Structures are given as structure tokens and as C-alpha cells.
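Colleague: next comes the sequence, and after it the predicted model I'd like to discuss.
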Amino acid sequence: MSELFSERWMDNFLAQWNADDELVESLQEIKFGSNIGYGIEDEDDPRVVLTVENGIATSASIFKGQPLNWDIRCSEAQWKKWISNPPGVMAIGFAFTSGKVKFKIGDYESMLNDPRMAAPFIRHFAVMGRA
């Protein structure tokens with residue numbers, strides 16, 4: 001596996017995202033499109049951005065001030081834990097309420113209350129593990 005959030009890792013993440021028919025198709029059904037930032041909890045900016053258009057990842061890059069719809073932060077140890085052992089809904093909920101995952105941008109609660117969004121969100125951690 002490439003170094004977490006490196007350009008090579010992001011290229012692999014984009015490829016794995018698009019290779020996961022279940023993830024792509026579930027997001028296409030709701031016409032999901034967003035710029036998703038990923039980063040480390042106490043840093044000012046996310047490290048990387050994944051752009052998704054109608055369920056398909058169209059670009060993955062180092063963050064350079066792009067506008068974001070979501071900005072998800074964890075400790076590096078938490079990211080690595082989830083990538084090696086993808087979490088379920090309960091683990092994500094616990095991590096959110098305990099502060100182990102933070103959404104600097106994005107409405108986490110409404111996303112998890114909508115099964116059309118929650119299932120792909122949970123699934124994307126497994127996709128990260130293949131990057």
C-alpha cells in the first residue's frame with residue numbers, strides 16, 4: 001500500500017472507487033456529486049480531495065484550496081485502523097460521538113440518517129483499504 005494520502009495512494013483510491021460497481025451505482029442512483037476532503041484531525045487543511053460526479057470519482061489530488069462539500073478528519077492511526085479493518089455503522093457512530101472522526105464540512109447526521117448515503121459512506125472505507 002502506498003503512503004496514506006500521497007498522490008499515488010489517491011490515484012489508487014480513485015481507481016478502486018470506480019472499480020467498485022456497488023459503490024458507484026448506489027451513488028449514481030442519488031446523483032451524488034461532491035468534493036470530499038480527507039485529512040488529519042488537527043491540521044488546518046485536508047491533505048487530499050476526491051471529486052465525485054454522479055457517483056464516479058473524476059479526480060483525486062493533493063488539496064490546493066479547492067471548495068469542499070465534505071471535510072473528514074481523523075488521527076492518522078484511526079485512518080489506518082479503518083483502512084485495514086473497515087468500520088460498520090456502529091463504529092462510525094461511536095467514532096463521531098467520541099470525537100475520533102470529525103466532519104469540518106458536511107452534515108454527518110443527515111448523511112447517516114439516509115440509508116442511500118450511509119451505505120456508500122460505510123462502503124468507501126473498504127474501497128480505501130484497496131488503494
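Modeller: Received, thanks.
Colleague: what sits up against the helix or strand containing residue 60?
Modeller: For residue 60, the host element (DSSP states H and E) is strand 56-62. Here strand 56-62 makes contact (C-beta atoms under 8 Å, 6 or more residues apart in numbering) with 7, 10-11, 13-14, 17-18, 24, 28, 47-52. (Glycine included, C-beta is placed from N, CA and C.)
Colleague: what about 7 Å?
Modeller: 7, 10-11, 13-14, 17-18, 24, 47-52 (C-beta atoms under 7 Å, 6 or more residues apart in numbering).
Colleague: stretch 117-130 too?
Modeller: Contacts for stretch 117-130 (C-beta under 7 Å, 6+ apart): 13, 16-17, 20, 22-23, 26-27, 82-84, 86-89, 92, 111-112.
Colleague: what's the lowest-mean-pLDDT helix or strand in the chain packed up against?
Modeller: Least confident helix or strand, the chain: helix 108-112 with a mean of 80, by mean pLDDT, DSSP states H and E. If contacts are counted by 3 or more C-beta pairs under 7 Å, 6 or more residues apart in numbering; DSSP states H and E, helix 108-112 sits against helix 115-129.
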